[in-house]
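> Dropping the sequence and predicted coords here.
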Amino acid sequence: MSIFPAPPDPRRPVDIAVGIQWGDEGKGRIVDLLARDYAIVARFGGGDNAGHSIEVGETKLALHIVPSGVLVERTKLLIGAGTVVSLRGLVDELDTLVKLGVDTSRVVVSARAHIVFPYHAALDRLLEKQRGGAAIGTTGRGIGPAYVDRVGRLGITFGDLAKPEVLATKIRQALLARAPLFAGAEGVPREEDIVGETLTLAERIVPHVVDDVALLHDAIARGERILAEGAQGTMLDVTYGTYPFVTSSHTVAGGACIGLGIGPTTVGRVLGVAKAYCTRVGSGPFPSELSDERGERLRAQGREFGVTTGRPRRCGWYDAVAARYAAQLNGLDGLAITKLDVLSGFGRLGIVTGYRRADGTPCGVEGLADPGLQVEVEEHPGWDVEIRDVRRIADLPAAARAFLDRLAQVTGVPVLAVSVGPERSALAV
């Protein structure tokens, strides 16, 4: 399904889809819909701490590593160099896809991507425990420690899987370097167990390992189109998000160039994905949060529980201050608004249009961590009719159209598509 109103520029064959909130925006179902127009869907960052779900009829597919678009038979799926990936998680996900009849030979992973090992997950949980009340709220899957190892030159790549002796040596060196952190800790994985499991899993994974730079640039030379898929959301970016309550990678559109090995001149259009309200998992600033029955109602109607962790998400109104900031960071060409149907039945809807410090002075996202931060909320009338069968934005109730128009205005980006239900086909354009 085409969402962009204009045809693509053949000189800029890479489009990017990113979340512009705190993750869980529904990128998976949007990318799944877009995928039929692309030869390759390529994920450029993150690990299996991300989660995206797709519903087609009775099939509900939850993915953590493999890019969206698995249901489009001719599309190749690349796990890019900017990712960190659990071998066990990837094998389990491939097995799940095989059971669903998916041709997993289409799934490839960059030789430059880094591996998340059991000792990374153990360290992640240990560090969160040590932080106590200052815990960040990570998924405990080892994503952060794996990125630390990559920067610290202790990382092990998917390219290393084809070299068993080198692999065993690198695992030993990494564990020795981590030994002081594990001193006195319980449940630390043993070297021999990790090496043995890794060598076994490598037999499954090595056939999927590719030179991603060559793969992508050969596709570009053939005139093929590529869709770069982000993980998590802009406000969780390691540099531009609500630091330190962020993920460990770049989630903004610019991260696609680094995470996939493509130049900025190849990028055509950037689509931002946002819910019609906001959610966040874990700790950290969340100005629009509703700690009342409205927040509980959003959580219940939106089924707001993490795909990866199952944790209940914090819920609040659409945050236009954060959205404008994200639109600037990503250079958005348009918005896909998801879960508009969740707002059906609310008598009044809110949009956060401004922040004020405790002393009353206005501020932007630079004030997110300030104690006593206040928000300015603009109220709009809701609608009572069911909208899940609507397929044209023009056919939505007048109040819903007015709400979307205001979202576009305060974000500074046109709304190009709206999801009106969990089903793959429930999209209005």
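Right, received. Where do you want to start? Residues are numbered from 1 along each chain as shown.
> So which residues make contact with stretch 216-227?
With contact meaning Cβ atoms under 8 Å, 6 or more residues apart in numbering, stretch 216-227 is reached by 8, 10, 13-17, 31, 34-35, 37-42, 69, 78, 260-262, 266. C-betas here are computed from N, CA, C, even on glycine.
> Buried only: go through those residues for me.
Judged by neighbour count, with 16 or more other Cβ atoms under 10 Å as the criterion, the buried members of these are 8, 13-17, 31, 34-35, 37-42, 69, 78, 260-262, 266.
> quick one: pLDDT of residue 309?
According to the model's per-residue confidence, residue 309 sits at a pLDDT of 64.
> would residue 235 count as being in a helix?
Yes - with DSSP: H, G, I helix; E, B strand; the rest coil as the criterion, residue 235 is part of a helix.
> returning to that earlier point: list the ones among the contacts of stretch 216-227 that fall in strands.
The strands, defined by DSSP state E, take in 14, 15, 16, 17, 40, 41, 42, 78 from these.
> from what I can see the third one touches residue 234, true?
Right, residue 16. No - taking contacts as Cβ atoms under 8 Å, residue 16 lies outside contact range of residue 234: 11.8 Å.
> Now for the two: what residues contact both?
With contacts defined as Cβ under 8 Å, 6+ apart, the residues adjacent to both residue 16 and residue 234 are residue 330.
> Quick one: the helices in the stretch 251-400 of the chain, in order.
Read by DSSP state H, counting those that start in this stretch, the stretch 251-400 of the chain holds these helices, from start to end of the chain: 255-260, 293-301, 320-330, 398-411.
> Show me what the longest one is packed against.
The criterion is 3 or more Cβ pairs under 8 Å, 6 or more residues apart in numbering; DSSP states H and E, and the helices and strands that helix 398-411 contacts are helix 320-330, strand 334-338, strand 348-356, strand 374-381, strand 415-419.
> residue ranges with poor pLDDT in this structure?
Within the chain, the ranges that satisfy pLDDT under 70 run 1, 49-60, 132-139, 307-309.
> What are the buried residues along the top helix by length along it?
Secondary structure of the chain per DSSP state H: the longest helix is helix 164-182. Within helix 164-182, the residues that qualify as buried are 167, 168, 170, 171, 174, 175, 178, 182, counting by 16+ other Cβ under 10 Å.
> What separation do you get for residue 161 and residue 207?
Noted for residue 161: a distance of 10 Å to residue 207, by Cβ to Cβ, to the nearest Å.
> who has more neighbours, those two?
Neighbours around residue 161 and residue 207, counted as other Cβ atoms under 10 Å, are more numerous at residue 161. The numbers are 24 against 10.
> In contact with the more buried one: list those residues for me.
Residue 161 sits next to 115, 167, 198, 202, 205, 206, 209 when contact means Cβ under 8 Å, 6+ apart.
> so of those residues, which ones are in strands?
Among the contacts of residue 161, the subset assigned to strands under DSSP E consists of 115, 209.
> Regarding stretch 155-173, how distant is the last residue from the first?
Taking Cα to Cα, to the nearest Å, the span from the opening residue of stretch 155-173 to its closing residue is 10 Å.
> Ignore what I typed, I meant stretch 73-80.
Across its full length, stretch 73-80 reaches 20 Å end to end, with Cα to Cα as the criterion.
> go on, stretch 206-215?
One end of stretch 206-215 sits 16 Å from the other (Cα to Cα).
> what residues go with each domain of the chain?
Domains of the chain are assigned by automatic domain parsing as 14-109+211-428, 114-208.
> looking at those, which is closest to residue 2?
Of all the domains of the chain, it is domain 14-109+211-428 that lies closest to residue 2, at 6.8 Å by Cβ to Cβ.
> still on that earlier bit, could you dump the helices and strands packed on helix 398-411 into JSON lines with distance to residue 153 added?
As requested, the helices and strands packed on helix 398-411 are arranged in JSON lines below (distance: least, Cβ to Cβ, whole Å):
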{"stretch": "helix 320-330", "distance to residue 153": "29"}
{"stretch": "strand 334-338", "distance to residue 153": "39"}
{"stretch": "strand 348-356", "distance to residue 153": "40"}
{"stretch": "strand 374-381", "distance to residue 153": "43"}
{"stretch": "strand 415-419", "distance to residue 153": "43"}
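> would CSV of those with mean neighbour count and distance to residue 399 be doable?
Conversion of the helices and strands packed on helix 398-411 to CSV gives the following (neighbours: other Cβ atoms under 10 Å; distance: least, Cβ to Cβ, whole Å):
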stretch, mean neighbour count, distance to residue 399
helix 320-330, 23, 18
strand 334-338, 24, 15
strand 348-356, 19, 8
strand 374-381, 15, 5
strand 415-419, 23, 14
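> and residue 88, which of the ones you listed is closest to it?
Distances from residue 88 to each of the helices and strands packed on helix 398-411 were compared using Cβ to Cβ; the minimum, 30.4 Å, belongs to strand 334-338.
> Packing partners of that closest one?
Under the contact criterion of 3+ Cβ pairs under 8 Å, 6+ apart, the helices and strands touching strand 334-338 comprise helix 27-34, strand 267-275, helix 398-411, strand 415-419.
> what's the closest of the ones you listed to residue 321?
Closest approach to residue 321 among the helices and strands packed on strand 334-338 (Cβ to Cβ): helix 398-411, 8.7 Å.
> So for that closest one, what gets flagged as buried?
Counting neighbours by 16+ other Cβ under 10 Å, one finds that the buried residues in helix 398-411 are 399, 400, 401, 403, 404, 406, 407, 408, 410, 411.
> from those, which single one is nearest residue 375?
With Cβ to Cβ as the yardstick, the closest approach to residue 375 among those comes from residue 410, at 13.1 Å.
> who's in contact with that closest one?
In this structure, residue 410 makes contact with 320, 323, 324, 351, 353, judged by Cβ under 8 Å, 6+ apart.
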